[in-house]
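Engineer: Using only what follows, build the 3D model:
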Amino acid sequence: LQTARCWMHLLVLCAYFWPVANKPEWMLPQFPCDATVKNTSDVIFDCKGRRLKKIPSGIASNATVLNLSENQIKHIKYTSFSGLMNLTHIYLNQANRKQSVKIDDNTFRNLTNLRVLELNGNCLSAVPLTLPLSLDDLQLKTNRILSLDNSSLIGLTNVTRLLLSKNCFYWNPCGTNMNIADGSFKALSKLQNLDLSFNNLTNVPKGLPSSLQMLQLASNQIQYISNDDFRGINQLKILKLQGNCPRCQNAPFPCVPCQNESLAIHADAFEDLTQLQTLSLAGNSLTNLTSSWFKNLNQLKELFISFNFLQTVITGEATFLTYLPKLEKFDISFNFLLKIYPQTLNLSHYFSHLKSLRTLHLAGLVFQEIGAETLKPLYKLKNLTALDLGTNFIIQFDSSIFSKFSNLKMIYLAENRLYPTKVKRVMHSSEGYQSISTFRSHHQHEQLFEITHGQIKQECYDSGRVLSLSSNNLFFISPQQFEGYINITCLNLSGNGFSSALNGTEFSSIPTLTYLDLSFNKLDLAYDNAFSELKNLQVLDISYNSHYFQSYGITHNLNFLKNLPVLRVLNMSHNSISTLTTKELYSQSLSELQFQGNRLGHLWKEGDHSYITLFRYLTNLTLLDISGNHITRIPNSVYEFLPRNLTKLRISQNFLTGFRWDKLNHFLQLQSLDLSFNVISDIRGMNWNTPITLISLDLSHNNIHHLGDGFLKGAKSLTTLSLSFNKLTLINQSTFQLSPDSRMQKLFLGNNPFQCTCHMLDFILWIENTGVHIPRLTTDVNCDAPENQKGRALIYFDIYQCVNGSHAFLLCLVSGSFIIVFLFVVTSAHLFYWDASYILHYVKAKLMGYRTLNSSHNVYDVFVTYDTKDPQVSEWVMRNLRVKLEEEGEKHLPLCLEQRDWLPGVPLMDNLLQSIRQSRKTMFVLTEGYVKTGVFRLAMYLAHQRLLDENVDVIVLLMLEPVLQHSYFLRLRRRLCGKSVVEWPKTAAAEPWFWQNLRNIIRVDNQVMYNKTYSMYFTNR
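Structural biologist: Next up, the predicted model:
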């Protein structure tokens, strides 16, 4: 038995590896990188995060993009990229996991097509030498390059972008300052984008190239900008100087105040920057803005002066604004004064000059009330679409103010202290503002001084006019709360502690709402008429409102769905729903229901059928997410009453031990099923032969330890299957037997405890030859046993150790001999088929008494052989060919025709031989059906026999259809005697010429028409 198994394994090895042996290395599954082709010209090799210790061999020579980031490569040799001359992009970011990387000199020198080179996070102390002249983009961020001189960047004349930021700052300390010698960038004559941020620079580098369009000097230690620092770079469009003298109060990073308290800027510092469009002076502790800075900046579109001390400037004589007629975005946030909490704040009347302004950030100015004069200068700004007043600790305002903004699309009033309209204002101590942080948590990235609002979702913003009142004190809502807001379509009231029971009147003043966010509140859904005033509502988010759902004995009424005729999306996630007054949800419009983070496991507990039909009447539902619902088992009847139109079903993060796969045939449109993060151990019972439409199936993070035979057999529609993070140890031979029409593209198998033994041989061979992509095969699909294989990639298992050596030699000898004999026979049959057939027929004729017949005269001018079984061909011969040759023309040509002149009862061979011998020429009327018949072959043999016996070429080929296009015989015939091959014309106008030409060919001997080059080989006897 062991011997038989060994032979079987070796046979399989030979069968599988015969084609694999000829594959290039990068196409083998053992190759650690993913290769893709984009736009037919970009050949991309993605080796990112593959734990590589060296650059892999076998990368295709036509590779254009190579990503080697986030590996363990310590040394890059000068020969590492030899043979990869087509590379245009190389990514080596964190090539050694943020540790030091050694790069040999001249490593990139010969890569003459290289345009982009990224070397970020490699602890380099200098710019690599002899970089190619073709380089356009060079990135050296987060290294330890502390000095640059005239020789550092020599030869990089074509570089347009150079990023050298974060080489020395608080998270990458160096204990000194970066030193840049004068003229270090002089050779970079085409440089457009230069980033020197986060480098502890103390001054602006001298001799910057005049081609610069973007210059970033943020978060350095520059304390003075002179009048000559930006002289000569008059093409500059973006200048970022933020964070050189930051406000250190509550700063979320190690902050050292400037010696001069604020950044000093010469009055004429920006005089030459006439093309400047973006200027950032944020985070510099500025207390004044000099008008002369802006007098030549009439092209400026974006100005950032946030995180300074400029409150008195923007509320006083802000004359500098008169120089900014094209300004579109203006950020003056977090310019509050220390220990002052004013009653109100009035913007300078000079704001009215900003006719092009679109976005205005006024967050963090800290005042109590929006008065009638606060925003008055903005009323006539017709282009203003976004107004940010967040984090100002505003207590009250008159909402009618916003009716004066005709085109305002976003009003951001989140993170204030607004109270319900009917509640009297609560007085606050003037010390309340001191808890403010000048940097919000979601801003702690590179752009520390720019304001963004992650709470406004894109779908909300796209819906129309947006009002955000999140994170205030609106614990009660009355219709008067929203009076003055016109045409609001998206309202965000999240995080307000709102706890009253909705009765259908709260939003009556804004009936245009299509998007409503009430998350992170304490909603009390007690009445049937909740939300009844919102007939246009399409998206409703009431997630994270678990307060009353966790209280027993309280009405939990979901009948509000009947009041929302066009609702598309409902988010009820994370409400800890374990009991409901409503037993069934009704909606004909709802297409997406987010119900994760509740307690459906309790609602569907065994023996309780109250909530079996909870989702039954959501007839238009296509996406249902019931993840994280403590479900241990889905009752059989629940499957029956789930909406039939589902295309996506997510049941992840539960406690399911099994799933009724046979119930999937109820969902004829289901495309995605997510069962990840459960405790499923057995997946038997899947029947792919039923009409299942699944495209994606996620079974990751379960306890699956076995896959049955033919697990995916019949899975025609499935393209993606995830089995990662399970307990698979062995996979059988037939587990992944895919049907010929299978669409499987991706199979995730990472982080399973595979046993790398000979029992996995069949699966490894399947991997070798399948077209299914297994992501991170060489890094995440690893062996867990035996001990000597632990941690090693499964695909690297030595499968040859599974075969006995002596048996292998014997079987290889036998199989090799068989292959050689088989190839010899096939080759001989292909090359000598006609000769062998002729000899066979010749011998057969001799044995039957046939002899050579020499005819001294010809009875017929031409013998016509054709497909007599084809009625159309027969009709054409009898009515066209016969008439044209026998009855028309100057000299009639008698024809020999099978259907007319052959003697009945005479054998086919005799009739053919007699007709060919008694005719001057033999014409073959060729059609697709005729050339496949034996009569054609036999007639052709006999015509050639006359050539051999009498040295007379009698063959004429008339092609009614384009046949034998790849025939060597036809090609040779055209070369020797091209005029003897005629084709039926495609147009009627050419037919007279065709018939005359055919008559001439029949009358003239073929030898006369032979190509002169070959005619010497044919002589008359």
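
Engineer: show me the contacts for N110.
Structural biologist: Residues near N110 by Cβ atoms under 8 Å, 6 or more residues apart in numbering: 81-82, 85, 132. Backbone N, C-alpha and C define where each C-beta goes, glycine included.

Engineer: Can you tell me the element it falls in?
Structural biologist: Taking DSSP states H and E as the criterion, no element holds N110; it sits outside all helices and strands.

Engineer: begin at 17 from here
Structural biologist: All right, first residue 17 from here; so that's N126.

Engineer: From V59, how far off is it?
Structural biologist: 19 Å (Cβ to Cβ, to the nearest Å).

Engineer: what's the answer for G74, then?
Structural biologist: As defined by Cβ to Cβ, G74 lies at a distance of 13 Å from V59.

Engineer: try E41
Structural biologist: Between E41 and V59 the distance is 15 Å, computed by Cβ to Cβ.

Engineer: Please identify which of these two sits among more neighbours.
Structural biologist: Set side by side, E41 and V59 give different neighbour counts by other Cβ atoms under 10 Å, the larger being at V59 (21 against 12).

Engineer: Output the contacting helices and strands for the helix or strand encompassing that one.
Structural biologist: Per DSSP H and E, V59 falls inside strand 58-62. Under the contact criterion of 3 or more Cβ pairs under 8 Å, 6 or more residues apart in numbering; DSSP states H and E, strand 58-62 touches strand 50-54, strand 81-83.

Engineer: what mean pLDDT does the last one have?
Structural biologist: By that I understand strand 81-83. Predicted confidence along strand 81-83 averages 97 (mean pLDDT).

Engineer: which neighbours does that strand have in its sheet, and in what orientation?
Structural biologist: strand 58-62 (parallel), strand 105-107 (parallel) (DSSP bridges).

Engineer: Now do the helices in the stretch 417-566 of the chain.
Structural biologist: Secondary structure of the stretch 417-566 of the chain by DSSP state H, counting those that start in this stretch: the helices cover 474-479, 562-565.

Engineer: Please name every helix or strand in contact with the first one.
Structural biologist: Read it as helix 474-479. With contacts defined as 3+ Cβ pairs under 8 Å, 6+ apart, the secondary structure elements packing on helix 474-479 are strand 504-508, strand 531-533, strand 555-557.

Engineer: got TSV for the helices and strands packed on strand 58-62, with distance to N250 and mean neighbour count too?
Structural biologist: Rendered in TSV, the data for those read as follows (distance: least, Cβ to Cβ, whole Å; neighbours: other Cβ atoms under 10 Å):
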stretch	distance to N250	mean neighbour count
strand 50-54	39	13
strand 81-83	36	20
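
Engineer: Next, give phi and psi for N718.
Structural biologist: In terms of degrees, to the nearest 10, the main-chain angles of N718 are phi -130, psi -160.

Engineer: And the pLDDT at the closest residue to S98 other than its chain neighbours?
Structural biologist: Distance criterion Cβ to Cβ, 6 or more residues apart in numbering; nearest residue to S98, sequence neighbours excluded, is N126 at 7.4 Å. Looking at N126, its pLDDT is 93.

Engineer: can you tell which of the helices and strands packed on helix 474-479 is closest to R263?
Structural biologist: Using Cβ to Cβ as the criterion, the shortest distance between R263 and these is 28.8 Å, found for strand 504-508.

Engineer: buried ones in that closest one?
Structural biologist: Of the residues in strand 504-508, those buried by neighbour count under the rule 16 or more other Cβ atoms under 10 Å are 504-508.

Engineer: give me the beta-bridge partners of D690?
Structural biologist: The residues paired with D690 through beta bridges, assigned by DSSP bridges, are R666, D714.

Engineer: now the helices: where do they sit in the stretch 617-766 of the chain?
Structural biologist: Here the stretch 617-766 of the chain has its helices, by DSSP H, counting those that start in this stretch, at 652-657.

Engineer: where in it is pLDDT low?
Structural biologist: Low-confidence regions of the stretch 617-766 of the chain, defined by pLDDT under 70, span residues 705-707, 749.

Engineer: residues touching V797, list them.
Structural biologist: With contact taken as Cβ under 8 Å, 6+ apart, V797 is in contact with 765-766, 768, 770, 790, 809-811.

Engineer: can you tell me which of the residues you listed are in strands?
Structural biologist: Among these, the ones falling in strands (DSSP state E) are F770.

Engineer: Among the contacts of V797, which one lies nearest to K157?
Structural biologist: Ranked by distance to K157 (Cβ to Cβ), these are led by G766 at 30.3 Å.

Engineer: show me the contacts for the residue lying closest to the closest one once chain neighbours are set aside.
Structural biologist: Setting aside the residues directly before and after it, G766 is nearest to D796 in space (Cβ to Cβ, 6+ apart), at 3.1 Å. With Cβ under 8 Å, 6+ apart as the criterion, the residues that contact D796 are 740, 765-767.
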